[in-house]
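Participant: Pasting a predicted model and its sequence here:
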Amino acid sequence: MNNNSTWQTGLVRSAGSPARLVFSLLLMMCLWPAQSWGVTQAEWVQTSRQVQSFDDLRPQLGALDWRPTTSDRALNFGLNNRPLWLRFEVPPENTSRVLDIAYPVLDHVDVYWVQDGEVIASFHTGDQLPFAQRPLHHRHFAFPLPRSDSPMMGYVRVQTEGSLQIPWRVTLSADFLADDQVSYGLQTIFTGAMLALALFNLLILFIVRDAAYGWYVLSILSNAMVQLTMNGLTFQWLWPGVPQINNLALVLFLSSSLVFVAGFTNSFLRLRHYGFWIAVIPRIIIVTGSILFVTAFILPYNVALFMVILAAFVASPVMFFLGVYSWWQGNVLARIYTAAWAVLLVGYTLQTLSKMALLPRTTWVEYSPQVGLMLEAVLLSFALAYRINLERRRRLAAQEEALMVQREANQMLEARVAERTLELELVNERLKAMAVTDGLTGIANRRRFDERLLSEWRRCARAQQPLSVLLVDIDYFKQVNDSLGHLTGDQCLIAVAALCDKLVSREGDLVARYGGEEFAVLLPGTDEQGAYCVAERLRQEVAGSPVNVEGINEPVKLTASIGVATLVPVNGVEPESLVQCADQALYAAKGAGRNQVQTFQDQDLSL
């Protein structure tokens with residue numbers, strides 16, 4: 001199995017945080033795996049639009065010209081609206097697996113799981129269907145694989161009016177979730193950096209009243225929305241019930257980014273000082289982008305997308321050479337602009353060539369515009385800060401009032417930094433809390449339990465007080481998972497955790513999820529009799545509280561076996577010994593027929 005002192009000085013320093021975010025993004029991309037599990041080869045074929053389902057495809061299976069491909073390389077056909085079928089054999093495995101198609105802007109994606117010639121499961125989704133229709137609520141197209149003791153075939157039909165790319169893989173659910181954390185982290189870093197830069201420069205716009213900042217903020221937001229739309233985040237979070245917006249939004253964001261970037265170029269480089277023909281070039285791009293914005297409501301999506309991609313492909317190098325020309329004319333700021341635009345130009349060029357099937361679709365190619373955009377935004381933030389320094393040097397002698405405004409702005413920026421620092425401290429505290437909390441049940445996790453066990457062991461040793469531990473295990477929980485499904489099992493775990501947390505309410509006591517279906521209860525200063533009483537109440541409560549699960553007619557009845565151990569800590573004995581005693585008592589309870597409480601002393605056990 002092969003398994004992201006002056007106001008100007010304050011501005012420059014504030015631009016450093018996004019640079020660290022860019023480094024984090026690059027590092028996470030290097031560490032992000034993209035291997036498939038169990039499937040190494042597949043075949044593809046393009047058919048007519050009339051072949052819309054597996055029943056339509058079945059009579060033609062032997063006559064079609066299936067072509068081989070491999071699962072470690074994405075299929076890429078550029079702007080192609082013909083339906084494509086992909087098929088592959090999945091080996092048998094009694095493990096939860098997922099088919100992941102990591103290109104969120106495909107219009108229609110249909111998946112059929114076929115065994116012995118019969119469809120055993122099928123799914124129909126795409127970015128032209130409501131988000132709630134997806135089998136797994138994920139920005140990618142993710143499909144669960146039925147568990148089977150024999151091989152089965154997967155058939156995937158994809159049709160889209162945009163770029164036909166199918167980066168697919170079959171992976172274990174656990175690996176899919178782990179990779180998703182990295183992927184989502186990349187998008188979070190990107191979104192956070194873009195918002196931070198946009199808000200920061202919006203604040204400067206209100207202070208200096210320079211149009212360049214307005215164009216810059218709009219260009220950041222429009223470019224960010226392009227990338228978030230292509231990665232499926234806008235559909236997931238902004239308009240999940242209105243899929244008709246998806247295709248239109250992508251063209252609108254692309255065309256508006258042309259307008260805003262050209263406006264920023266014209267304002268920032270002050271091209272009007274270099275003659276009419278130089279100044280008219282960004283205006284032509286602005287008009288072109290505006291026309292494309294309007295025609296997006298009229299033209300077919302594939303035509304509008306092709307036109308806006310072509311316009312961006314032409315306009316990007318043109319604006320780059322405007323920066324080179326301005327640099328040649330002696331504009332100091334043009335040097336930073338040219339360097340920033342070169343980085344973004346490389347990213348967009350790679351992605352555009354990929355959309356046209358001239359380059360393979362890889363992780364680096366797909367994320368190159370986002371990396372380029374972040375680097376460009378950071379460099380231009382430095383350029384804008386440097387521009388303020390230049391203006392300040394020119395007018396410092398005659399503008400005392402401007403100096404007062406600058407000091408006030410510096411104070412505002414320092415307050416902003418302090419606010420951000422406080423926000424980061426609060427975020428760090430939340431992260432610390434998350435690190436010791438079980439994500440499913442909301443109670444303490446194993447790490448928190450071990451920390452408290454050690455501290456209470458030391459405290460009770462000093463005070464010579466008893467320390468008790470209960471280990472609670474849900475009886476026959478595997479049968480619940482196997483017969484009713486893991487989602488039902490999760491609901492049962494949540495319910496039992498809530499019962500334990502409700503009953504063990506004394507200050508200083510702790511309820512934690514110890515692992516799987518096992519919970520641990522720490523009772524400082526509680527003797528054996530008191531611990532046994534608590535355990536018996538827990539057992540009775542679990543047995544008398546069936547769990548109601550949506551979609552299941554009868555409540556799920558549960559019982560629990562509980563092991564109790566009590567010790568007065570002494571030197572030379574490790575706290576883990578207390579857990580081992582409780583564990584032995586738990587096994588004794590299970591061996592005696594389950595649904596009962598056993599104490600360590602009851603079994604005449606020794607350390």
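Facilitator: Perfect, thanks for sending it. Numbering: from 1, shown residues only.
Participant: rest of the way, CA atoms for contacts and neighbours
Facilitator: Will do.
Participant: what about R335, distance to V318?
Facilitator: For R335, the distance to V318 under the criterion C-alpha to C-alpha, to the nearest Å works out to 16 Å.
Participant: if I've got this straight, G154 is in a strand?
Facilitator: Yes - assessed by DSSP: H, G, I helix; E, B strand; the rest coil, G154 belongs to a strand.
Participant: for the closest residue to I204 other than its chain neighbours, helix, strand, or coil?
Facilitator: Across the structure, with C-alpha to C-alpha, 6 or more residues apart in numbering as the measure, the residue nearest I204 apart from its sequence neighbours is Y213 (7.2 Å). Taken by three-state DSSP, the conformation at Y213 corresponds to helix.
Participant: how about whichever strand or helix holds I309: buried residues?
Facilitator: In this structure, I309 is located in helix 301-328 according to DSSP states H and E. Using 16 or more other C-alpha atoms under 10 Å as the burial criterion, the residues of helix 301-328 that qualify are 301-302, 304-309, 311-313, 315-320, 322-327.
Participant: who does the following helix or strand past it touch, helix- and strand-wise?
Facilitator: Proceeding C-terminally, helix 301-328 gives way to helix 332-355 as the next helix or strand, assigned by DSSP H and E. Counting contacts by 3 or more C-alpha pairs under 8 Å, 6 or more residues apart in numbering; DSSP states H and E, helix 332-355 is packed against strand 75-79, strand 163-166, helix 301-328, helix 363-395.
Participant: Contacts for stretch 539-558, please.
Facilitator: Where contact means C-alpha atoms under 8 Å, 6 or more residues apart in numbering, the residues beyond stretch 539-558 that reach it are 474-475, 488, 491-492, 495-496, 499, 559-562, 595-597.
Participant: next one: stretch 468-482
Facilitator: Outside stretch 468-482, the residues that touch it by C-alpha under 8 Å, 6+ apart are 486-489, 517-528, 531, 535, 558-567, 578-579, 582-583, 586, 594-595.
Participant: now with 7 Å?
Facilitator: Here stretch 468-482 makes contact (C-alpha atoms under 7 Å, 6 or more residues apart in numbering) with 488-489, 517-524, 526-528, 531, 535, 558-567, 579, 582-583, 586, 594.
Participant: re earlier: reformat the helices and strands packed on helix 332-355 as a markdown table; add mean pLDDT.
Facilitator: Shown next, in a markdown table, are the helices and strands packed on helix 332-355 (pLDDT from 0 to 100):
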| stretch | mean pLDDT |
| --- | --- |
| strand 75-79 | 82 |
| strand 163-166 | 87 |
| helix 301-328 | 89 |
| helix 363-395 | 76 |
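Participant: Make CSV out of these and add distance to Q52.
Facilitator: Rendered in CSV, the data for the helices and strands packed on helix 332-355 read as follows (distance: least, C-alpha to C-alpha, whole Å):
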stretch, distance to Q52
strand 75-79, 19
strand 163-166, 17
helix 301-328, 20
helix 363-395, 29
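Participant: Of all the ones you listed, which one is nearest D180?
Facilitator: Taking C-alpha to C-alpha as the criterion, D180 comes closest to helix 363-395 out of the helices and strands packed on helix 332-355, the separation being 13.7 Å.
Participant: so where's the stretch 351-500 of the chain shaky on pLDDT?
Facilitator: Low-confidence segments of the stretch 351-500 of the chain, defined by pLDDT under 70: 351-352, 354-359, 361-363, 395-403, 405, 429, 433-434.
Participant: Among the contacts of stretch 468-482, name the ones in helices.
Facilitator: Secondary structure assignment (DSSP state H) places 488-489, 528, 531, 535, 579, 582-583, 586 from these within helices.
Participant: Going by residue numbers, what spans are helices in the stretch 351-500 of the chain?
Facilitator: Applying DSSP state H, counting those that start in this stretch to the stretch 351-500 of the chain gives helices spanning 363-395, 400-435, 446-463, 477-484, 486-503.
Participant: Of the ones you listed, flag the one that's most buried.
Facilitator: The highest average neighbour count among the helices of the stretch 351-500 of the chain, using mean count of other C-alpha atoms under 10 Å, belongs to helix 363-395 at a mean of 20.
Participant: Show me what that helix packs onto, helices and strands only.
Facilitator: Applying 3 or more C-alpha pairs under 7 Å, 6 or more residues apart in numbering; DSSP states H and E, we find helix 363-395 packed against helix 7-14, helix 16-31, helix 332-355.
Participant: how does it look with 6 Å?
Facilitator: With contacts defined as 3 or more C-alpha pairs under 6 Å, 6 or more residues apart in numbering; DSSP states H and E, helix 363-395 has these neighbours: helix 332-355.
Participant: most centrally placed residue in the protein?
Facilitator: The residue lying closest to the centre of the chain (C-alpha atoms, centre = their mean) is Y184, at 1.7 Å.
Participant: and that one, which of the three is it?
Facilitator: When the structure is split into helix, strand and coil by three-state DSSP, Y184 lands in helix.
Participant: where's H124, which helix or strand?
Facilitator: Element membership for H124, per DSSP H and E: strand 118-125.
Participant: so after that strand, what's the next helix or strand?
Facilitator: Of the helices and strands lying after strand 118-125 in sequence (DSSP H and E), the nearest is strand 141-144.
Participant: State the mean pLDDT of that next one.
Facilitator: Regarding strand 141-144, the rounded mean pLDDT is 95.
Participant: Can I get that strand in CSV, CA atoms only?
Facilitator: Taking Å, rounded to 0.1, in the frame of the first residue of the first chain, the C-alpha atoms of strand 141-144 are listed here in CSV:
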residue,chain,number,x,y,z
PHE,A,141,-16.2,14.1,-5.5
ALA,A,142,-15.8,11.3,-3.0
PHE,A,143,-17.6,7.9,-3.3
PRO,A,144,-17.7,5.1,-0.7
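Participant: Show me what it is packed up against.
Facilitator: Judged by 3+ C-alpha pairs under 6 Å, 6+ apart, the packing partners of strand 141-144 are strand 97-101.
Participant: Can you give the contact residues for the strand it packs on?
Facilitator: By C-alpha atoms under 6 Å, 6 or more residues apart in numbering, the surrounding residues in contact with strand 97-101 are 141-145, 167-173.
Participant: Now do the helix or strand just after it and strand 118-125, the angle between them.
Facilitator: Next in sequence after strand 97-101, counting helices and strands by DSSP H and E, comes strand 108-115. What separates the directions of strand 108-115 and strand 118-125 is an angle of 160 degrees, with axes from the mean of the first three to the mean of the last three C-alpha atoms, to 10 degrees.
Participant: any idea how far strand 108-115 is from the chain center?
Facilitator: Averaging C-alpha positions (C-alpha atoms, centre = their mean, to the nearest Å) puts strand 108-115 25 Å from its chain's average.
Participant: Tell me what angle that strand forms with strand 97-101.
Facilitator: Counting by the same axes, to 10 degrees, strand 108-115 points 150 degrees away from the direction of strand 97-101.
Participant: if we can go back for a sec, with distance to E554 as added columns, please give the contacts of strand 97-101 in TSV.
Facilitator: Putting these into TSV (distance: C-alpha to C-alpha, whole Å) gives the following:
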residue	distance to E554
F141	33
A142	30
F143	28
P144	26
L145	27
P167	42
W168	39
R169	38
V170	35
T171	34
L172	31
S173	29
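Participant: which one of these is nearest V371?
Facilitator: The shortest distance between V371 and any of the contacts of strand 97-101, using C-alpha to C-alpha, involves P167 and amounts to 20.0 Å.
Participant: Double-check that closest one against A74; I have them as touching.
Facilitator: Yes - assessed by C-alpha atoms under 6 Å, P167 is found in contact with A74 at 4.0 Å.
Participant: what about the stretch 151-300 of the chain, any weak spots by pLDDT?
Facilitator: Segments of the stretch 151-300 of the chain classed as low confidence (criterion: pLDDT under 70) are not present in this model.
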